[in-house]
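**Q** How does the following fold in three dimensions:
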Amino acid sequence: MGKVKAIFKLSGKVGDYVFYKMNGKQVVRKAAAKKKGPKTAAQENSAHLPSEFGEASTDGKTLRTALAEECSGLKDRQLYYRVAKLMVALKSEDPAPKSERTAAGGMATAAGREIFSSFSFQKKPENFPRLFGAERQNCGISLQLSAAGTSKIAITEVQIHFKTKKFRRQVHPLPVPNASGDLVLSKTFRPKKGFTELLMISGDGFLQGVVVECQSD
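**A** Predicted coordinates for the structure are as follows:
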């Protein structure tokens, strides 16, 4: 860095030098040379981060919109940020190339399904009822549920196409165990290509869910 005495005040880049003011005096430094050659692995990862977080935020908004009624009861202004972080974690499980990874791709993996089912939408993961799994069968969707603990429970079936941001949802009452003691939702949506199917459990101050699996998985 050098000081400059000039009739004209210069500012900005001129050739290979950058002129600017510091502490009231005009100084000059040589512009940083551009590095040639292929990017390192660290540089490649850094380049993907802003784009991936932006896409994760969009996916998170789509999910929160589909669950707007359930999310409104949580009264959490920071929910958008935590859901965006959830989407980043899900995308990291997608086996596709980094530039093609999606939250939906992550949810299609066993690790991604585990991440989603472990996420509590409410701030404090207290002793609320939880879904442990849901499987689509010929008769509907069979679900695994912890001890209810409260009668105010709703089951929300959601199908989301994260790329087009389209979704459909319907709320079911808590099913009564059948003769075998299983909990099965009947009259559900049919599976739809490109849509991720979720089953959510909600009540007073809590929301949690699982990715619905198919029998053939």
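**Q** only C-alpha atoms for contact and neighbour calcs from this point on.
**A** Fine.
**Q** quick one: low-confidence ranges for the protein?
**A** By pLDDT under 70, the weakly predicted segments of the chain are 1-13, 21-24, 32-52, 125, 147-151, 216-217.
**Q** All the strands of it, in order from the start?
**A** All strands of the chain, identified by DSSP state E, fall at 2-3, 12-14, 17-22, 25-30, 131-137, 140-145, 154-161, 166-173, 183-185, 196-203, 206-211, 213-214.
**Q** Now the residue nearest to the spatial centre of the chain: closest residue in space, sequence neighbours ignored.
**A** Closest to where the C-alpha atoms of the chain average out (Cα atoms, centre = their mean) is Met87, at 1.7 Å. Distance criterion Cα to Cα, 6 or more residues apart in numbering; nearest residue to Met87, sequence neighbours excluded, is Ala56 at 5.1 Å.
**Q** got it, and Asp59?
**A** Computed as Cα to Cα, 6+ apart, the closest residue to Asp59 that is not its neighbour in sequence is Phe162, at 6.1 Å.
**Q** Got phi/psi on that neighbour?
**A** phi -70, psi -30 (degrees, to the nearest 10).
**Q** I figured it hits Phe195, correct?
**A** Yes. Using Cα atoms under 8 Å, Phe162 is in contact with Phe195, at 7.4 Å.
**Q** what's the neighbour count on Gly133?
**A** Neighbours of Gly133 under the rule other Cα atoms under 10 Å: 18.
**Q** swap in Lys124?
**A** The burial count for Lys124: 9, using other Cα under 10 Å.
**Q** ok, now how distant is it from Val27?
**A** According to Cα to Cα, to the nearest Å, Lys124 and Val27 sit 54 Å apart.
**Q** Val184 too?
**A** 74 Å.
**Q** do the same with Gln78
**A** 44 Å.
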